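A.B. asks: Return a 3D structure for these sequence lines:
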Amino acid sequence: MKIGPRYKIARRLGSPIYEKTQNPKFAIREARRGRKEYKHPKQRSEFGIQLIEKQKARLTYGMGERQFGRYVAESTAKKGAKPTDTLYTMLESRLDNVVYRMGLAPTRAAARQMVNHGHINLNGKRVSLPSAQTKVGDIVAIRERSVKKPLFAPLEERLKTYTCPSWIKFDNEKKTGTIQGAPKADPTTLAFSLPMIMEFYSR
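C.D. replies: Down below sits the predicted model:
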């Protein structure tokens, strides 16, 4: 999916949804911008706020409108589960996101490219579909023929300061990750509002 200038998009949405905007520079500029706009604050409608939350989530995972809409539809159709929890699990369980969460790639976009180019195995088989869904018990690893490629040269250094989320068990020696639980959203750290996204699609 083609995405425009990430810095400008993050500023428009008012959230550091991209890795390149998750730094002090962006935070300082946003703070200054907020002070300038304080005298004439823009009032957004409820629909406008919900739209922004949806865009935050969609662009965080690098998805198109139709694809993201299908995820929401599937999560609301599933019985016996809370739609917001199901949606978050589906988004986090995408293969490209798992590769990113394992620390194998510095960004989700880089993780998507790794999968697209066939550098990642899922349960021992080469998978080139970034949206492939993983489940508990699945093992994600770098393809053996790809381990020594320049793409993974900075990996050792990056992993020294990286910690996997609790739902992924990472083997640092083998560079493999095992899905050992369902991802759970933390509203205090999440960059977007899942309930507002559901409200947007329920209109």
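
A.B. asks: From here on, just use CA atoms for contacts and neighbour counts.
C.D. replies: OK.

A.B. asks: what separates the helix or strand hosting Met196 from the chain centre, distance-wise?
C.D. replies: For Met196, the host element (DSSP states H and E) is helix 194-201. Relative to its chain's centre, helix 194-201 lies at 17 Å (CA atoms, centre = their mean, to the nearest Å).

A.B. asks: for it, packing partners?
C.D. replies: The contact analysis (3 or more CA pairs under 8 Å, 6 or more residues apart in numbering; DSSP states H and E) places helix 194-201 against helix 46-60, helix 83-92.

A.B. asks: the inter-axis angle of the last one versus helix 194-201?
C.D. replies: Read that as helix 83-92. Comparing the axes of helix 83-92 and helix 194-201 via axes from the mean of the first three to the mean of the last three CA atoms, to 10 degrees yields an angle of 100 degrees.

A.B. asks: quick revisit: right, and the helices and strands packed on helix 194-201 - which one's nearest Ala109?
C.D. replies: Nearest to Ala109 among the helices and strands packed on helix 194-201 is helix 46-60; the distance by CA to CA comes to 9.7 Å.

A.B. asks: How about that closest one, which residues are buried there?
C.D. replies: Residues of helix 46-60 classed as buried by neighbour count (16 or more other CA atoms under 10 Å): Ile49, Gln50, Leu51, Ile52, Glu53, Lys54, Gln55, Lys56, Ala57, Arg58, Leu59, Thr60.

A.B. asks: likewise stretch 123-130?
C.D. replies: For stretch 123-130, by 16+ other CA under 10 Å, it's Arg126, Val127, Ser128, Leu129, Pro130.

A.B. asks: got a markdown table for those, with pLDDT, distance to Gly64 and secondary structure too?
C.D. replies: Below are these laid out as a markdown table (pLDDT from 0 to 100; distance: CA to CA, whole Å; DSSP: H, G, I helix; E, B strand; the rest coil):
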| residue | pLDDT | distance to Gly64 | secondary structure |
| --- | --- | --- | --- |
| Arg126 | 97 | 24 | strand |
| Val127 | 97 | 21 | coil |
| Ser128 | 97 | 18 | coil |
| Leu129 | 97 | 15 | coil |
| Pro130 | 97 | 13 | coil |
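
A.B. asks: Among the residues you listed, which one lies nearest to Tyr88?
C.D. replies: Pro130 (16.3 Å).

A.B. asks: if I pick that closest one, what's in contact with it?
C.D. replies: Counting by CA atoms under 8 Å, 6 or more residues apart in numbering, Pro130 makes contact with Arg94, Leu95, Asp96, Arg112, Val115, Asn116.

A.B. asks: and it, how far is that from Met63?
C.D. replies: Counting by CA to CA, to the nearest Å, the gap from Pro130 to Met63 is 11 Å.
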